[in-house]
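> Provided below are the primary sequence and the corresponding predicted coordinates.
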Amino acid sequence: MTLNAKSLDTLLESYVSFTRNLKCPDYSVTNIRDSKDLKTEEMIANLKTLIITKVDLYTSWLLVVDNVTSISLVHAHLPEPGNEKWSRGQMLITTKKDVI
C-alpha cells in the first residue's frame, strides 16, 4: 500500500483507502472519517487501530510512505518500530523536496 504523506489530510485519505483495501468494517471507517469530534491526528490513530488488526494476518507486507515533506509531521502517524503487530513488514519512505 502507498500512503501519500504530503500533508495530514492526504495521509488521512490514504489511511481511509488502506482500511478499505484491507476490508475493515466500512461503518467504522466512515464513522471515524466523518467524526466532527476528532482531530485529523486522532482519526489517523483510530484508522491505524483498525488496520493493525488486519495487517497482523499477513505474512509479509510493504508500506510505501510517499511525498514526505516533513518527517517530523508524519513520524507519529506511521507504524511504530518494535510493535509486534507491525513486525512482518517493511516500510519505505520517500521524500519530496520542492524545487523553485
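All right, it came through fine.

> for the one helix or strand in the chain whose mean pLDDT sits lowest, packing partners?
Lowest by mean pLDDT, DSSP states H and E among the helices and strands of the chain is helix 71-74, with a mean of 88. Contacts defined by 3 or more C-beta pairs under 8 Å, 6 or more residues apart in numbering; DSSP states H and E place helix 71-74 against helix 8-21. Any C-beta I mention is one placed from the backbone N, CA and C, and that applies to glycine too.

> and the helix or strand just after the helix it packs on, which residues are buried?
Next helix or strand after helix 8-21 toward the C-terminus (DSSP states H and E): helix 26-33. Within helix 26-33, the residues scored as buried using 16 or more other C-beta atoms under 10 Å are Val29, Ile32, Arg33.

> still on that earlier bit, which is the next helix or strand following the least confident helix or strand of the chain?
Taking DSSP H and E, what comes next after helix 71-74 is strand 89-95.

> list the strands paired with that following strand, with their directions.
In the sheet, strand 89-95 lines up against strand 61-68 (parallel) (DSSP bridges).

> where does pLDDT dip in this structure?
Per-residue confidence for the chain (pLDDT under 70) gives these ranges: 97-100.
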